[in-house]
Each structure stands twice: as C-alpha cells, then as structure tokens.
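J.: Fold the following for me, if possible:
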Amino acid sequence: MTVNTDPGLPREDGSSAAAAKTAKTAKGKHHPLTDLAVGLVLLLAGLFLGIDDISDSHRDHQLISMGVQTQGTVTEVVFEHRRKKGDKKVVTASYQDTKGHTHSVTYKDPYRSKEEGSKAEVSKKLRGAGVTVFYERSNPGEAVVQGQEASTGVGYFIIAFFGLLSCLFLVPLVKGLKKKAKPADEGAGSGAAGR
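T.: Below is the predicted model of the structure:
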C-alpha cells in the first residue's frame, strides 16, 4: 500500500494535507480583530470605572476640606445581601442646610455579624445616632459622611487591573503584526539588492 505524501494531492479520505494543516493552525489562534476589540473594550472599561471612582474620591475629599459641616442623624438602616462579598449595611442619615431644608445622604459599610450582633440589634443601635456631614454650599444635596469618603486607591487599582488584562490581548497582537511586517521588509530589501 502506498501512502500519499504530496501535500497538494488529496488523501484517501478526500481532504488534502495542506487543508488539514491550515485547520490545525486556525484552531489554536484568535482572529486579530477579536483580540483588538476585546483588548480595547477592557482598556476603556477600566479607564471609565477607574476615573469614575477617582472623581468620586476627589469630590468627597473636596467636600471634607471645603464643604459646610453639620450634624446629621441616622434615620434608616437596611442590609444588602451580597453572596461573595458579604452583607453590607446601607445607612441613610438626614441633615439640615443653613436655610433649614432637610436632605439625606446614604453610605455603605460592611456588616460583621460576629462583632456587631444581629441585624436587628445593629439597626436599633444605629438609628438616631449622630454623624458628621459635609455638604456643598451651592448644592446642599451633595454631601458625604465623615469617615465614609471614597478611596482613590481603588480607582487606580481598577485602571491597573483592566490595563494588564487588556495587555494580554493587545501585546501578542502587536508582536504578531511586527512579525508579519518583517518578511515583507526583507522581501523588499532583497528585491532592491538584485537590481
């Protein structure tokens, strides 16, 4: 029995060795446009989320340093269930501006049942408690509770994390484009030398 080794000729099963090789290499690789799209989406998502978080932090710190300080009172405590990250206390405090108008501000805090007790106990303990509130003079509804300011570190971490993820898609894509460009340059150079 003779085995056909010519890649151009069809094999006994009707396919050619060249077609099998092409299918094999195509299986393990992504399309460059898909990698580009995924990389850019990850990069833009990271920038959007990170910058949003950093701007929240900047706003909170500006309110603490330049806002109007007043005393607020906790009026409501509800609990938000989060399966992986644990439960959170969602605390609402009301406060009055210099004109006597009442406003409210909400913040979230981790709930630790072992240290704080039952949800009913925590809710009872917090309701009516005093908190220090800083609000924007020109927009009294814009406020932050002291000690609950957003952290800038989280925003930078988000940008770095999504940036690294996007590199997993974009760096191999750029390397692949450089490899494709090299043979074309070499071919042009040898053509010029032959003249």
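J.: What helix or strand is Lys114 located in?
T.: helix 113-116 (DSSP states H and E).
J.: Can I get that helix as CSV, trimmed to CA atoms?
T.: What follows is helix 113-116, C-alpha atoms only, in CSV (Å, rounded to 0.1, in the frame of the first residue of the first chain):
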residue,chain,number,x,y,z
SER,A,113,-22.4,39.7,62.4
LYS,A,114,-19.8,38.2,64.8
GLU,A,115,-18.6,41.6,66.0
GLU,A,116,-21.8,43.6,65.7
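J.: any idea which helix or strand comes after that helix?
T.: helix 119-126.
J.: on that earlier part again, what is the mean pLDDT for the helix holding Lys114?
T.: In this model, helix 113-116 has an average pLDDT of 88.
J.: Quick one: distance of that helix to the chain centre.
T.: 30 Å (C-alpha atoms, centre = their mean, to the nearest Å).
J.: what does the average pLDDT come to for stretch 77-87?
T.: 83.
J.: Ok, stretch 168-177 next?
T.: Mean predicted lDDT for stretch 168-177 stands at 76.
J.: now swap in stretch 42-55 and tell me
T.: On average, stretch 42-55 scores 86.
J.: Kindly report the same for stretch 120-128.
T.: What stretch 120-128 shows for mean pLDDT is 93.
J.: And it, how far out from the chain middle?
T.: Relative to its parent chain, stretch 120-128 has a centroid offset of 34 Å by C-alpha atoms, centre = their mean.
J.: burial count for Pro32?
T.: 14 (other C-beta atoms under 10 Å). The way it works is simple: take the backbone N, C-alpha and C, and place the C-beta from them, glycine included.
J.: Give me the packing partners of the longest strand belonging to the chain, helices and strands only.
T.: Ranked by number of residues, the top strand in the chain under DSSP state E is strand 68-80. Contacts defined by 3 or more C-beta pairs under 8 Å, 6 or more residues apart in numbering; DSSP states H and E place strand 68-80 against strand 88-96, strand 102-110, helix 119-126, strand 130-135.
J.: Out of those, which gets nearest to Ala150?
T.: strand 102-110 (9.8 Å; C-beta to C-beta).
J.: Each with direction, which strands does the closest one pair with?
T.: In the sheet, strand 102-110 lines up against strand 88-96 (antiparallel) (DSSP bridges).
J.: buried set for the strand it pairs with?
T.: Using 16 or more other C-beta atoms under 10 Å as the test for burial, strand 88-96 gives 88-89, 91, 93, 95-96.
J.: closest to Phe161 among those?
T.: Closest to Phe161, out of all of the buried residues of strand 88-96 and judged by C-beta to C-beta, is Lys88, at 21.7 Å.
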